Each structure stands twice: as C-alpha cells, then as structure tokens.
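Student: Any chance you can model this:
(one chain, ligands or ions: 1)
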Amino acid sequence: MMRKKKVAAVFGSVLLSASILTPAAAAPGNGNYAPGTPSEQHYSISGFIDHKELSKKLQQMERSSNGKVDVNVAGHSNQGREIYTARVGTGDKVVLIQSEIHGNEKTGTAALLKMLKQIGSNNSPEFRKLREELTIVAMPMINPDATELNRRGTDMSWSEVVDDFPQLEDASPSWNYYTYTNEYWDYASNPGFDMNRDFNPNLDYTPQPEDLPGSSAEPGWYITPEAQTVRDVYKGLQDEFGEVNTFIDLHHQGQYMIEGTNDEVTLSLSGVFVPHPDSEAGEKYSKYADSYNEEFSKQLSVAAYEALQSIGNSPYNNISLYQQNLDLPGTALGSFALNGSGTVLFEVTGQTQSFGQKKKGQLVKAVQTGVYGILNSLANDEVDEINPDNYDDIPLTER
Ligand SMILES: [Zn+2]
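Tutor: Residues are numbered from 1 along each chain as shown. Down below sits the predicted model:
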C-alpha cells in the first residue's frame, strides 16, 4: 500500500507504537481499532476546547481566583497564537506541567484547567498545603496551531525556519519535518514539525547546520517558536527557583492492553526517557550525570500510579508502564530530565483521529488523579519515602 510505504519513508526504522514515539494515525495498525475505514468514520471532538476558548477560560479563571491564579502570555506559536503560563501557589518547589504538545492529544488541557480552578479556589487543608508548598506552572495547549488543525505537528514550513535561522540555508530540513499526506491530514500543502523532538538538553543551544537533519536519538535544535517558548519558561523558572523540581508532560497514545491480561490500558506512565549518563549507552550524556535524577523520576511515577490504584476496582487501576529503554533527548522530557528535573510522562488511551472524545470524562479524571498523586506526595514530602524500585513493578504495556 502506498500509505505504508510513505510512512516507512518518513519515519524510517523508528518504532511505530505510541504517542511520544510516532503519530498513531500514521501507524497503519492503529486504523484497525476503528470499525470501518477512517473515511467512513467521523469522530466528534466538540467536547474539547479550542484556543479561543482556552484564552477566555484562563482570563475568567484569573479574575475569579482573586489573584491566586496568575495567567501570562509566555510566547506565540508560529501562526501567532498565544502560549500561556498559568501559575498557582507560592511554594519553593516548582512543578511545570504542559499539555497538548501534540494537537490531537487533548485531555491534558481539560485536566489542567480543572485542576487550576480547583487549586486556585479550594480552601481545604489539602489544597492550602499544595499552594503553600508548591508553585505550579501549567502550560496548557502549548502547540495551539496543531490544536486548531487537530493534528500532531506544528504549522510551519522549512523556509520559515530558514528565515529565522539564515545559517540553515543549505542544511537539510530536520528529520521531524512532516510533508506527507494521509487520510487524516495534509502536511504536503501545510507542513509542520513534531515539536516534541525540537528540545535540546543544552538550553542555550542555537541551530547549527551540521546538526541537521538529525535523528530521534539525537537532540533537537529549538527551531520552532513553540519549543523555544517552553524552553524560555523552563530557564526562567531555573533562574527563579534554582531548579525546576518536577516536569510533567501530558499525552495520548494508541489503544493497548496491560501485559498478560485482557484489561485495556487507561493510562501509561514513564519516568525514563534517556539512558542513564553513568551507563555505557548514556555516556554521551556524561556532562549531565550530576544533575540527572532517575530515582526521583521513578518515585514521582510511583506516586501517580499509587494514587490511581487507590481508587477502588475501576478502569483507573488499569495503568501500565510506557515503553522503556528509550533514547529521546529531543523530547521535552528527555532534555529536562538531563537538566535535573524529576520527569513524568502521562499517555492516556486514544488520539482524536481514531478515538474522538470517547471516554473523555474518565481519561481526564485519570490524568487529574495521577497528577494530584504527584503534587500531594511532593507537598507532603512523601515522595522521598517511595521506593524507586516499585517503578519496575508497574505492569508493562502489551505491544
Ligand atoms: Zn504525544
């Protein structure tokens, strides 16, 4: 089939499996989950908000929270849409949480808005503690151009990149530049980037032609304004707090089973995105050996897992570990982990093109429960008492 060939050409030998790895829609197998062919299916996404609604909701929240939620414009997408930070809490530990780096992965944004509202208004001891101990900086919908197109990639052409970085005039476009067309979207006439490969652990990196086209196992270049914005927020928080204690990235993946069971995965978690700098495979990251803290990322992941398990017998118990042994320094998670943040990936089931808004309420609640598990364990210092080895007891995802 033509489509398979094209996909293979675009993504090379990269595993076609899940969200931070590759777009589910481009993975031929994922279409099988939908009854009938995709062209016969129309999945509604009207339950998810667009960028205009996000702007309105954040402004309302800032007004109604009596100053507890502070909303700012941190930067703009390539098409000029605002990218926001919403900050709540005054504690010394800073937690950065982002959503919708892939525009077809929308529950994280809904979860963040609910949580911001709750943390900004609830006066119970639990929520007061969160505000006192933590500074929570949410970046909902960081790739708004992709959100508008309900797709993974940004809305930017290579020539626009060269306009911004003339030194790249003779360079090959980066490997994560999409120009293909399939039944879901048309990057050929409207190209863009997987901005979740545009990060670089060297936060001061500027694009060099010899580093292109690069690959999934190499760092990115900060060529997209969206990744630059997140990086700038991260650096600003480092300056303000000394370090970004925790970074959480909210995604969606395909549909999977918990290994060895007939249980459908509700959510997969991961805390490891690059080989350990002290290992042979991670030797290239040796200059980050002192800052990298894999144990802490595992403890945070277990905190999320345990919070979900504590809900009685329900789909919220069907939590698996995301694919391990990855080497993804160009992801925000990989880059920020090397800079010393505890990092956790959330991958809920189903992307909009094959799943629409099915189970939206359940998936949003799963994200909230897991994130609150992390926030509470940080605020109460309970995270330090978690045995990081428990991370390896989280069941794997059947692949
Ligand atoms: Zn994703």
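Student: quick one, phi/psi of the most centrally placed residue in the chain?
Tutor: Nearest to the mean C-alpha position of the chain, counting by CA atoms, centre = their mean, stands residue 249 at 3.3 Å. Taking degrees, to the nearest 10, you get phi -120, psi 120 for the backbone angles of residue 249.
Student: hey, what's it bridged with?
Tutor: Listed beta-bridge partners, residue 249: residue 98, residue 345 (assigned using DSSP bridges).
Student: Quick one, grab the pLDDT at it.
Tutor: We note a pLDDT of 98 for residue 249 in this prediction.
Student: Would you list the phi and psi of whichever residue of the stretch 201-350 of the chain sits closest to the ion?
Tutor: Nearest residue of the stretch 201-350 of the chain to the ion (CB to the ion) works out as residue 251 at 3.4 Å. For glycine as for every other residue, the C-beta is placed from the backbone atoms N, C-alpha and C. With angles defined as degrees, to the nearest 10, residue 251 sits at phi -130, psi 180.
Student: Now do the contacts for it.
Tutor: Taking CB atoms under 8 Å, 6 or more residues apart in numbering as the criterion, residue 251 is in contact with 19, 20, 101, 102, 105, 108, 345, 346, 347, 348.
Student: Secondary structure and pLDDT added to these, as a markdown table?
Tutor: Compiled in a markdown table, these are given as follows (DSSP: H, G, I helix; E, B strand; the rest coil; pLDDT from 0 to 100):
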| residue | secondary structure | pLDDT |
| --- | --- | --- |
| 19 | coil | 63 |
| 20 | coil | 71 |
| 101 | coil | 98 |
| 102 | coil | 96 |
| 105 | coil | 93 |
| 108 | helix | 96 |
| 345 | strand | 98 |
| 346 | strand | 98 |
| 347 | strand | 97 |
| 348 | strand | 94 |
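Student: can you put those residues in JSON lines and add neighbour count and distance to the ion?
Tutor: Written out in JSON lines, the entries for the contacts of residue 251 read as follows (neighbours: other CB atoms under 10 Å; distance: CB to the ion, whole Å):
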{"residue": "19", "neighbour count": "23", "distance to the ion": "3"}
{"residue": "20", "neighbour count": "26", "distance to the ion": "5"}
{"residue": "101", "neighbour count": "30", "distance to the ion": "6"}
{"residue": "102", "neighbour count": "28", "distance to the ion": "4"}
{"residue": "105", "neighbour count": "27", "distance to the ion": "5"}
{"residue": "108", "neighbour count": "29", "distance to the ion": "9"}
{"residue": "345", "neighbour count": "27", "distance to the ion": "9"}
{"residue": "346", "neighbour count": "30", "distance to the ion": "10"}
{"residue": "347", "neighbour count": "25", "distance to the ion": "7"}
{"residue": "348", "neighbour count": "28", "distance to the ion": "10"}
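Student: ok, of those, which one's closest to residue 164?
Tutor: Closest to residue 164 out of the contacts of residue 251 is residue 101 (19.8 Å), distances taken as CB to CB.
Student: tally of neighbours for the residue lying closest to that closest one once chain neighbours are set aside?
Tutor: Computed as CB to CB, 6 or more residues apart in numbering, the closest residue to residue 101 that is not its neighbour in sequence is residue 196, at 5.0 Å. Close neighbours of residue 196, defined as other CB atoms under 10 Å, add up to 29.
Student: Quick check: which helices or strands does the longest helix along the chain pack against?
Tutor: If each helix of the chain is counted by residues according to DSSP state H, the longest one is helix 360-379. Here helix 360-379 touches strand 93-99, helix 107-121, helix 125-133, strand 134-139, strand 246-253, strand 267-270, helix 294-309, strand 342-349, going by 3 or more CB pairs under 8 Å, 6 or more residues apart in numbering; DSSP states H and E.
Student: Point out the most buried one among the ones you listed.
Tutor: Among the helices and strands packed on helix 360-379, ranked by average contacts under mean count of other CB atoms under 10 Å, first place goes to strand 342-349 (a mean of 28).
Student: What is that one packed up against?
Tutor: Packing partners of strand 342-349 (3+ CB pairs under 8 Å, 6+ apart): helix 107-121, strand 246-253, strand 267-270, helix 294-309, helix 332-338, helix 360-379.
Student: residue ranges with poor pLDDT in the protein?
Tutor: Regions of the chain meeting the criterion pLDDT under 70 cover residues 1-19, 21-42, 353-354.
Student: at 90 instead, please
Tutor: 1-48, 182-185, 254-255, 312-316, 349-361, 399 (pLDDT under 90).
Student: right, and the residue nearest to residue 101 touches residue 331 too?
Tutor: Yes - the pair residue 196 and residue 331 passes the contact test of CB atoms under 8 Å, sitting 5.3 Å apart.
Student: what's the overlap in contacts for those two?
Tutor: With CB under 8 Å, 6+ apart applied, the overlap between the contact sets of residue 196 and residue 331 consists of residue 20.
Student: ok, residue 299 - contacts?
Tutor: Residue 299 is in contact with 342, 377, 383, 384, 386, 388, 391, counting by CB under 8 Å, 6+ apart.
Student: What sits closest to it if chain neighbours are left out?
Tutor: In space, residue 299 comes closest to residue 386 once its chain neighbours are excluded; the distance is 4.3 Å by CB to CB, 6+ apart.
Student: I am assuming residue 213 contacts residue 193, so please confirm or correct that.
Tutor: No - at 11.8 Å, residue 213 and residue 193 do not qualify as touching, with contact defined as CB under 8 Å.
Student: Please say which of the two ends up with more neighbours.
Tutor: In this comparison of residue 213 against residue 193, neighbours counted by other CB under 10 Å, the higher total goes to residue 193 at 31 against 12.
Student: near the ion, which residues of the stretch 151-300 of the chain?
Tutor: residue 251 (CB under 5 Å from the ion).
Student: mind running it again at 8 Å?
Tutor: Remark: the part of the stretch 151-300 of the chain in contact with the ion comprises 152, 196, 251, 252, 253, using CB under 8 Å from the ion.
Student: Could you do the stretch 1-150 of the chain as well?
Tutor: Counting by CB under 8 Å from the ion, the residues of the stretch 1-150 of the chain close to the ion are 19, 20, 101, 102, 105.
Student: can you pull the contacts of the fourth one?
Tutor: Applying CB under 8 Å, 6+ apart, we find residue 102 in contact with 19, 23, 143, 146, 152, 194, 196, 251, 252, 351.
Student: Alright, calling it a day.
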